[in-house]
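Participant: test case, fold it:
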Amino acid sequence: MKIKIETLVRADAQTVWDAWNDPEAIKQWNSASDDWHTTASEVDLRVGGKFSSRMEAKDGSMGFDFEGEYTTVEPPSALAYRMSDGREVTVEFEEADGGTVVRETFDAETENDPEYQKSGWQSILDNFGRFVESV
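Facilitator: Here you go, the predicted model:
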């Protein structure tokens with residue numbers, strides 16, 4: 001099952017692309033709620049390159065690694081990757097009136113309800129938009 005989310009970011013596509021792919025920026029926006037944060041991020045932005053982010057609860061109670069390999073890199077309009085569990089993700093950056101629409105399509109995992117997954121990913125994407133608009 002594929003899940004789709006999107007948000008409008010009030011910035012040009014190159015600015016949005018740069019914030020999406022900069023490891024230091026990722027540590028600032030990559031969380032679904034205020035009680036989580038990303039403590040480490042690495043990006044090798046090329047087809048065949050790897051990425052990883054370490055997400056942890058701020059209270060130290062749990063954490064996980066989010067990692068994969070890029071399969072498409074087309075700055076500043078599109079990228080795709082395969083996560084370490086084999087699921088596929090595409091991200092499109094489309095210039096629109098007032099900014100850039102960021103659209104993610106991803107394979108649902110089987111452990112959590114699809115609506116829960118959609119909500120979590122949408123929260124991260126909305127956090128990304130707020131981050132870009134604030135810098």
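Participant: ok, now how distant is residue 73 from residue 93?
Facilitator: Residue 73 sits 12 Å away from residue 93, taking C-beta to C-beta, to the nearest Å as the criterion. For the C-beta atoms, the positions are set from N, CA and C on the backbone; glycine is no exception.
Participant: give the pairing partners of the helix or strand that contains residue 65; include direction for each.
Facilitator: For residue 65, the host element (DSSP states H and E) is strand 63-74. Applying DSSP bridges, strand 63-74 is found paired with strand 50-57 (antiparallel), strand 78-83 (antiparallel).
Participant: so how far is the helix or strand harbouring residue 24 off the chain centroid?
Facilitator: Element membership for residue 24, per DSSP H and E: helix 23-29. The chain centre lies 10 Å from the centre of helix 23-29; the measure is C-alpha atoms, centre = their mean, to the nearest Å.
Participant: what's it packed up against?
Facilitator: Under the contact criterion of 3 or more C-beta pairs under 8 Å, 6 or more residues apart in numbering; DSSP states H and E, helix 23-29 touches helix 13-21, strand 36-43, helix 114-134.
Participant: residue 89 is nearest to which of the ones you listed?
Facilitator: Each of the helices and strands packed on helix 23-29 has some distance to residue 89 by C-beta to C-beta; the shortest is helix 114-134, at 9.4 Å.
Participant: who's in contact with that closest one?
Facilitator: Outside helix 114-134, the residues within contact range by C-beta atoms under 8 Å, 6 or more residues apart in numbering are 1, 3, 5-11, 15-16, 19-20, 25, 28-33, 102, 104, 106, 108-109.
Participant: contacts for stretch 25-40, please.
Facilitator: 18-20, 41, 43, 52-59, 63, 120-121, 123-124, 127-128, 130-132.
Participant: distance to residue 78, mean pLDDT and mean neighbour count added to the helices and strands packed on helix 23-29, as JSON lines?
Facilitator: Putting the helices and strands packed on helix 23-29 into JSON lines (distance: least, C-beta to C-beta, whole Å; pLDDT from 0 to 100; neighbours: other C-beta atoms under 10 Å) gives the following:
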{"stretch": "helix 13-21", "distance to residue 78": "10", "mean pLDDT": "98", "mean neighbour count": "19"}
{"stretch": "strand 36-43", "distance to residue 78": "16", "mean pLDDT": "97", "mean neighbour count": "16"}
{"stretch": "helix 114-134", "distance to residue 78": "16", "mean pLDDT": "96", "mean neighbour count": "16"}
